[in-house]
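*Asks:* The sequence and its predicted three-dimensional model are supplied below.
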Amino acid sequence: MTGSIERHLPDPSATEALGRALAGLARAGDVIALWGDLGTGKTVFARAFIRALSDPEEEVPSPTFTLVQTYDFAEGTIYHFDAYRLEKPEEAFELGIEDAFCDGISLIEWPGRLGSLLPFERLDIELIHVEETQSRRAVLSGPPQWLGRLKEADGV
């Protein structure tokens, strides 16, 4: 069973704040799937999340061409995947996705490209462009253990 929480993101700094807040809740083995069209803030979210756990000055390029970037932090490794260029879900095995799902924290842009490889036990974050206000809306949905963490957290 899953549930959802919605948040209004009036500007990129609000998206960054959400990324930092969720970084404080993440644990090894967590998978966070970032859904949304181009320009909705997936990489903005991921960059803030990664910097919150590693180094605030960390260079965090989009993994559009490398497909995955890794970042070490005190408790392990963050894997930042961009699956947009995958032609088949199985190509993700070459990127070390199995290790990421077991031992790291996985942030996945364009998660739909993973098909059945995308774990059921994950946090989905859908970022939606709101035309009238030029803002974004975030819909966070996941299994009960994620929703429990979200409800207990400040700033989410």
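*Replies:* Yep, it's here.
*Asks:* what's the neighbour count on Asp124?
*Replies:* Applying other CB atoms under 10 Å, we find 19 residues neighbouring Asp124. Backbone N, C-alpha and C define where each C-beta goes, glycine included.
*Asks:* That one in helix, strand or coil?
*Replies:* strand (DSSP: H, G, I helix; E, B strand; the rest coil).
*Asks:* where's Arg7, which helix or strand?
*Replies:* Here Arg7, judged by DSSP states H and E, is contained in strand 3-9.
*Asks:* actually Ala138, not the one I typed
*Replies:* strand 135-142.
*Asks:* got a list of contacts for that strand?
*Replies:* 2-11, 14-15, 18, 40-41, 121-130, 146, 150, 156 (CB atoms under 8 Å, 6 or more residues apart in numbering).
*Asks:* helices or strands up against the helix or strand of the chain with the lowest mean pLDDT?
*Replies:* Least confident helix or strand of the chain, by mean pLDDT, DSSP states H and E, is helix 144-152 with a mean of 83. Applying 3 or more CB pairs under 8 Å, 6 or more residues apart in numbering; DSSP states H and E, we find helix 144-152 packed against strand 3-9, strand 135-142.
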